[in-house]
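Trainee: got a structure for you, letters missing:
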C-alpha cells in the first residue's frame, strides 16, 4: 500500500482535494462546493478519503491531511470564514478557547491528523517538497496574485512566529503616505507589487505621461494584469514602465528581506510571476543593485516549479508530508 | 565541579574574557590586548582557562568557549580582522578553504569546542539565556550603538540564513536617495537610527529649523548622542525632534520586521537605548501606529536586561551554553 496524504485547497466557492504521494504525484483528485455548512464540507472530505482508499490501484493508505486556505492560522488552527455558512469558524488570530477550531473539528470528523496553513506558507512547502526549492533550506517564497503573500523558510522550517502570522511581506511599508491598502493603512507593498498594484501603477502613469498607449482606452475595472503584459510585449512604453517600477519596488524590498533572513534563493509564484521576464528582469536587476554587498549579489530569483493548476493542492499536501517526516 | 563556559568579547584593541556558569554568574574575568599576534591571543585564552580551572573555588570545569566579535560569521568561523596582526583570519563571508578559520584555530589551540558569532547575535542569545528574553522563543534584538545591529530568534533558535549573515537590519533601506552609508549605498537604516544617525538628524534639523538650541554651539566632531539626550531632557526642541524622528523611522522599520517574523517582543540594546524613554516612547508609539492590525498592537518593546558592562561577555558565554544544551 502506498502511503499518501490529502491536500485540500479551500477557496470561497469551492475546494479542490488531491490524493498525493511522497513524490508529488496526484493519484486522484476531486472538487466540491464550500458554500454548504462546515459539517457537509467535512462529510465530503470523509467520502473522498473513503473513495480513494476503496478504489485506487495500487491501493493507498491515507496518513494525514493538509489544508491551505487564505488567512488560515497554523498556530491556532482557525481560518477566516470562507462564507457565511462557515462563520462559526471565523477569524484568524491567536487561539480562542470559545471559538470552534477548524483544524481540530476536521481532524475529529475524519479521524486523521490535520495541518492547516495559509496559502503562501503552503506554497512555500510545496516548492520545498515538489518544486523549485527541493534542495534549499533557507528561502523566501513570494506569491504575486491579486495581493502579495510570502512564506519564509529558515533552516528547513517555515517561520511561524509567535502567533502563526509571520510572513506578511504584502504589508511592509513602501510609502507611509502612499496608496490606500485594504488593511486600512497606506503604502503597503501589495498596493504596488501585485496584479492590482500593477493596474494602479498603470493608471498613475497614464496620468503622469503624455505618451499614447492602447491602455488609454481601457477602464480601471476592465484592465487586467494580462492586458498590461500583452501591451508591454507589444512595445507599449506605459506598460513597460509599469513593470519597471513594479520590479524596482519589489527588488528593493527583497533586498531588505534578504537582510532579515539571508536566503539562498527567492521564488516568485502566482499570476503576475507568469509575466516572465517582464517582471523577473527588472526585479533581479534592482535586487542586485540594492542588496548589501556581504550577500551574494547574484542571489537566484527563481520561478515556481509547481504546475500552476495543481500548485495549491500540492502545497496543501506538502503541509501534511512535512508533518509526517 | 561546576560546569562553566568561557565568553570572550573581542574588540579592536582588547578582549574581555569571563568564566560564566549556567545561571549567568561571571565567576572570574580578565582582559588582554588583541594587538599582538593571533598565536599570542590564543595563548592568553589558554592561560586564562588554566588559571580559572586551577584557582577558582568552588572548582570549575570549562566545557566550551563562545566568542562574540564584530562582523564574525557563525557559519564560516571567520571574523573581520580586528587589527593588522590578525589579517590572516580576515574577511567575513562564505567559508573559503584557503583562509585560516579563526574558530577552528582557537579550538585546536585550547582543545575545546568554540562557537563564534557577531556581537548582535551573541547579545540576542545573552538576552535569551540571562536577560530580557528568558521566556521568549521568538524575538528580535536590535543593538543601537555607533551603528545598528540585529539578531533574529525564531522558535528558540538564532536565524543564520544560508551564509551566517542574516540579521543585518542596519542596512535595510529607509530612503534610496538618502544619507551616505559606510556600506557604499544610500539611506540605510543605521544612517538614521544609531548614535551616529541621531547626530546626523540633529545637524539636518539645525539646518532646517530656526529654533535656538545649545547644540548650535557644538561641532559635528564634538557632538555625542549623550549630549543630544541631555539637551532633550533639558527641553531643547531640536534634540527632542531628533529623537522623535529617530523613533518614527525605527518604529516603522520594526513594524516591517514584525511582518517578516512575527516576534513576541522586540528588545533594544546599546548606548542609544540607554536614552530610555526619549527613544522608547516615540519608537513604541510609531510601532503601534504602523504595525499591521493582525499583530498585537501592544507588542512589547523591552530594554535589555543584561548588565551593561558585562553584556558582551555574557552574550559570548550564551553562544557556548547554547551549543551545550
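Mentor: Noted; the coordinates are in hand. Worth saying up front: this structure is predicted, and the values here are computed from it rather than measured.
Trainee: enumerate the residues of the stretch 51-200 of chain A near chain B.
Mentor: A:92-93, A:137-138, A:152, A:154-155, A:157, A:159-169, A:171-173, A:176, A:183-185 (Cβ under 8 Å from any Cβ of the partner chain). (C-beta placed from N, C-alpha, C; glycine too.)
Trainee: quick one, which of these are buried?
Mentor: Buried by 16 or more other Cβ atoms under 10 Å in any protein chain shown: A:92-93, A:138, A:152, A:154-155, A:157, A:159-169, A:171-173, A:183, A:185, out of these.
Trainee: list the buried ones in the helix or strand where residue A:18 lies?
Mentor: Taking DSSP states H and E as the criterion, residue A:18 maps to strand A:14-21. Under the neighbour-count criterion of 16+ other Cβ under 10 Å, strand A:14-21 has A:15, A:16, A:17, A:18, A:19, A:20, A:21 buried.
Trainee: got the phi and psi for the residue nearest to the first one when sequence neighbours are not counted?
Mentor: Read it as residue A:15. Spatial nearest neighbour of residue A:15, excluding adjacent residues (Cβ to Cβ, 6 or more residues apart in numbering or on different chains): residue A:34 at 5.1 Å. For residue A:34, the backbone dihedrals (degrees, to the nearest 10) come out as phi -110, psi 20.
Trainee: now for residue A:34, how many residues are close by?
Mentor: Look at residue A:34: counted by other Cβ atoms under 10 Å in any protein chain shown, it has 21 neighbours.
Trainee: residue contacts, the residue positioned nearest the centre of chain A?
Mentor: Taking Cα atoms, centre = their mean, the centroid of chain A lies closest to residue A:120, which sits 3.1 Å from it. Counting by Cβ atoms under 8 Å, 6 or more residues apart in numbering or on different chains, residue A:120 makes contact with A:141, A:143, A:149, A:150, A:151, A:167.
Trainee: name the helix or strand for it, please.
Mentor: helix A:119-130.
Trainee: so how far is that helix from its chain's centroid?
Mentor: Distance of helix A:119-130 from the chain centroid (Cα atoms, centre = their mean, to the nearest Å) equals 8 Å.
Trainee: which helices and strands does the next helix-or-strand element following that helix pack with?
Mentor: Remark: after helix A:119-130, the chain's next helix or strand is strand A:139-144, criterion DSSP H and E. Using 3 or more Cβ pairs under 8 Å, 6 or more residues apart in numbering or on different chains; DSSP states H and E, the elements in contact with strand A:139-144 are helix A:119-130, strand A:148-154, helix A:237-261, strand A:265-269.
Trainee: so what strands line up beside strand A:139-144?
Mentor: With DSSP bridges as the test, strand A:139-144 is paired with strand A:148-154 (antiparallel), strand A:265-269 (parallel).
Trainee: what strand or helix carries the residue sitting furthest away from the middle of chain A?
Mentor: In chain A, the residue that sits farthest from the middle, by Cα atoms, centre = their mean, is residue A:210; the gap is 36.4 Å. Counting by DSSP H and E, residue A:210 is held by no secondary-structure element, helix or strand.
Trainee: now the angle from the strand holding residue A:18 to helix A:119-130?
Mentor: Strand A:14-21 runs at 20 degrees relative to helix A:119-130, counting by axes from the mean of the first three to the mean of the last three Cα atoms, to 10 degrees.
Trainee: each with direction, which strands does strand A:14-21 pair with?
Mentor: Paired neighbours of strand A:14-21 in the sheet (DSSP bridges): strand A:2-10 (antiparallel), strand A:26-33 (antiparallel).
Trainee: now for residue A:322: which residues touch it?
Mentor: Counted by Cβ under 8 Å, 6+ apart, residue A:322 has contacts A:115, A:125, A:128, A:129, A:158.
Trainee: adding neighbour count and pLDDT, write the residues you listed out as CSV.
Mentor: Putting the contacts of residue A:322 into CSV (neighbours: other Cβ atoms under 10 Å in any protein chain shown; pLDDT from 0 to 100) gives the following:
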residue, neighbour count, pLDDT
A:115, 24, 97
A:125, 30, 98
A:128, 26, 98
A:129, 23, 98
A:158, 25, 96
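Trainee: closest one of those to chain B?
Mentor: residue A:158 (9.8 Å; Cβ to the nearest Cβ).
Trainee: could you find the closest non-adjacent residue to the closest one?
Mentor: Setting aside the residues directly before and after it, residue A:158 is nearest to residue A:121 in space (Cβ to Cβ, 6+ apart), at 5.4 Å.
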